[in-house]
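Q: only geometry, no sequence info:
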């Protein structure tokens, strides 16, 4: 992956709660582009905080099927979505 990666940080509602009647126009989002090195660091930090392993160790474990017993765990899926950052 070359060049910056766009990360959308969403906001709106209160404490992460969006009211059902909230109009789309009331929703705010900002984009922060991160470098490939920043993306790797993000994956590495979150993998360490979540599972006690590096981002590279998580990627290898994911690809080897180590999480096949319950791959839909939210903490695992958050890391899986960050895998493109770590490659």
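A: Nice, I can see it. Keep in mind that this is a model prediction, so the values were computed, not measured.
Q: low-scoring stretches of this protein, by residue?
A: Low-confidence segments of the chain, defined by pLDDT under 70: 1-27.
Q: helices of that one, residue ranges please.
A: Taking DSSP state H, the helices of the chain run over residues 36-51, 55-63, 74-82.
Q: elements contacting the second one?
A: When you say that, I think you mean helix 55-63. For helix 55-63, the elements it packs on are helix 36-51, helix 74-82, judged by 3 or more CB pairs under 8 Å, 6 or more residues apart in numbering; DSSP states H and E. C-betas here are computed from N, CA, C, even on glycine.
Q: now it against helix 36-51, angle please.
A: Counting by axes from the mean of the first three to the mean of the last three CA atoms, to 10 degrees, helix 55-63 lies at 70 degrees to helix 36-51.
Q: what angle separates helix 55-63 from helix 74-82?
A: Using the same axes, to 10 degrees: helix 55-63 against helix 74-82 is 100 degrees.
Q: number of nearby residues for residue 34?
A: If you count neighbours by other CB atoms under 10 Å, residue 34 ends up with 15.
Q: residue 82 is in contact with that one, correct?
A: No - the criterion here is CB atoms under 8 Å, and residue 34 misses it with residue 82 at 10.9 Å.
Q: if we can go back for a sec, deepest-packed of the helices and strands packed on helix 55-63, please.
A: helix 36-51 (a mean of 16; mean count of other CB atoms under 10 Å).
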